[in-house]
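*Asks:* compute the structure for the input listed below.
(one chain, ligands or ions: 1)
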Amino acid sequence: MHILVTGGAGFIGSHVVDLLIRGGHRVTVLDTLEKGHRIAVNPEAAFVRGDCGDAALLSRIFGEGWVDAVMHFAAYIEAGESMAFPERFFVNNTARTMILLEAMLRAGIGKFVFSSTAATYGEPQYIPIDEAHPQRPTNAYGQAKLMVEQTLDWLNRHRGLSYAALRYFNAAGCSDRLGEDHHPETHLIPLVLDTALEKRPHIKVFGTDYPTPDGTCIRDYIHVEDLATAHLLALETLESRRSLRYNLGNGQGYSVRQVIEAARLVTGHPVPVVEEPRRPGDPAILVAGSERIRRELGWEPKRPALEDIIESAWLWRQAHPMGYGDA
Ligand SMILES: NC(=O)c1ccc[n+]([C@@H]2O[C@H](COP(=O)([O-])OP(=O)(O)OC[C@H]3O[C@@H](n4cnc5c(N)ncnc54)[C@H](O)[C@@H]3O)[C@@H](O)[C@H]2O)c1
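*Replies:* This is a model prediction of the structure:
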């Protein structure tokens with residue numbers, strides 16, 4: 001298949017592009033590079049610098065007739081920013097996705113894989129969170145993604161669109177070639193590793209009085225290469241199935257303190273900690289129930305161990321202390 005990958009210069013998209021190419025697919029990446037890195041795009045993929053909400057550009061790309069499916073990673077990802085500037089998220093993550101979907105339908109392209117998120121669930125009512133859990137986002141980031149999911153359901157029922165909405169928990173880890181290099185970086189593992197490298201003086205731990213065994217928040221970390229595998233399985237399944245909604249996580253939670261301790265062991269470096277008050281809107285525990293994709297598609301995470309996830313990120317970080325900036 002020839003797949004248009006929006007956001008394919010970003011962290012998760014670039015890993016999926018590598019796997020698609022290894023799997024024999026042809027890939028064109030569409031990315032503004034506002035947050036992504038040109039160097040992260042696999043050299044065998046074609047690259048178009050542009051916006052996934054640019055209707056004229058999309059009509060040119062789709063008009064060429066080679067796109068079989070779209071994988072849509074392009075989005076802003078920072079939940080905290082989404083509360084300060086919700087409009088940015090409703091425009092970039094929702095409205096531009098609507099334009100993309102309309103252009104696809106007009107061109108008769110019927111397969112869509114969507115990067116959704118655990119943030120669509122909001123405050124957990126039970127753990128692990130399965131796909132039947134109510135979706136009541138507590139931040140604009142999650143709401144913007146949920147609006148896309150709801151649109152996909154309409155387009156599936158009324159326009160025959162086949163889609164997979166993959167709700168990721170915390171993506172982490174790296175491959176040999178690719179790393180995690182967000183600006184600003186807000187994800188725990190790269191921040192902890194930068195602290196181990198003394199690029200940051202300390203790591204801030206937000207909230208030490210949660211109802212968890214060590215008082216810090218618990219999250220579910222999933223290796224980015226395991227996420228990538230799930231995308232390929234979902235794409236293949238869209239040949240015969242029309243609407244898929246899957247959680248992607250390991251089903252095992254680790255506290256912030258456990259992540260920091262594991263990073264100390266993996267790196268052999270001290271990681272100084274500064275304790276801060278809780279941040280509003282951070283649930284105590286977010287752990288995925290991913291039984292559905294395991295049962296229905298046979299997906300199985302190959303790298304579930306926290307130490308392995310951190311080790312892979314550490315190897316890349318040591319080789320690229322300035323991130324892609326030193327590539
Ligand atoms: N990283 C995680 O833990 C996580 C968790 C849940 C969901 N997600 C979702 O996964 C997707 C990828 O996340 P990531 O961590 O790789 O983020 P990222 O910021 O590394 O990648 C996003 C890419 O999209 C591009 N982009 C943004 N808006 C665009 C637009 N309008 N047109 C074209 N390109 C645009 C950026 O330049 C960037 O390269 C996002 O949709 C995100 O919401 C990520």
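
*Asks:* what about the strands in the stretch 151-300 of the chain?
*Replies:* Counting by DSSP state E, counting those that start in this stretch, the stretch 151-300 of the chain has strands at residues 162-168, 170-172, 203-206, 218-219, 221-223, 243-248, 254-255, 273-276, 285-286.

*Asks:* quick check: which of the ones you listed is buried the most?
*Replies:* strand 221-223 (a mean of 25; mean count of other C-beta atoms under 10 Å). For the C-beta atoms, the positions are set from N, CA and C on the backbone; glycine is no exception.

*Asks:* can you give me phi and psi for the closest residue to Gly13 other than its chain neighbours?
*Replies:* Excluding its sequence neighbours, the residue lying closest to Gly13 (C-beta to C-beta, 6 or more residues apart in numbering) is Phe73, at 3.7 Å. Per-residue torsions, Phe73: phi -100, psi -20 (degrees, to the nearest 10).

*Asks:* try Glu64
*Replies:* phi -70, psi -20.

*Asks:* how close does it get to the ligand?
*Replies:* Separation of Glu64 from the ligand (C-beta to the nearest ligand atom, to the nearest Å): 18 Å.

*Asks:* give me the number of residues near that residue?
*Replies:* 11 (other C-beta atoms under 10 Å).

*Asks:* tell me the contacts of the residue nearest to Gly13?
*Replies:* By C-beta atoms under 8 Å, 6 or more residues apart in numbering, the contact list for Phe73 reads Val5, Thr6, Gly7, Gly8, Gly10, Ile12, Gly13, Val16, Ser115.

*Asks:* which of those lies closest to the ligand?
*Replies:* Gly10 (1.9 Å; C-beta to the nearest ligand atom).

*Asks:* which ones are touching that closest one?
*Replies:* Shown in contact with Gly10 (C-beta under 8 Å, 6+ apart): Asp31, Lys35, Gly36, Ala40, Phe73, Ala74.

*Asks:* near the ligand, from the residues you listed?
*Replies:* Asp31, Lys35, Gly36, Phe73, Ala74 (C-beta under 6 Å from any ligand atom).

*Asks:* hang on, the earlier thing: closest to Phe47 out of the strands of the stretch 151-300 of the chain?
*Replies:* Closest to Phe47 of those is strand 170-172 (C-beta to C-beta; 22.2 Å).

*Asks:* how far does the host helix or strand of Tyr141 sit from its chain's centre?
*Replies:* Following DSSP states H and E, one finds Tyr141 within helix 140-159. Distance, stretch centre to chain centre, for helix 140-159: 17 Å (C-alpha atoms, centre = their mean, to the nearest Å).

*Asks:* could you do stretch 296-316 as well?
*Replies:* Worked out by C-alpha atoms, centre = their mean, stretch 296-316 lies 14 Å from the chain centre.

*Asks:* cool, and stretch 56-72?
*Replies:* Relative to its chain's centre, stretch 56-72 lies at 22 Å (C-alpha atoms, centre = their mean).

*Asks:* ok, stretch 229-243 near the ligand or not?
*Replies:* No - contact between stretch 229-243 and the ligand is absent, the nearest approach being 10.6 Å (criterion: C-beta under 6 Å from any ligand atom).
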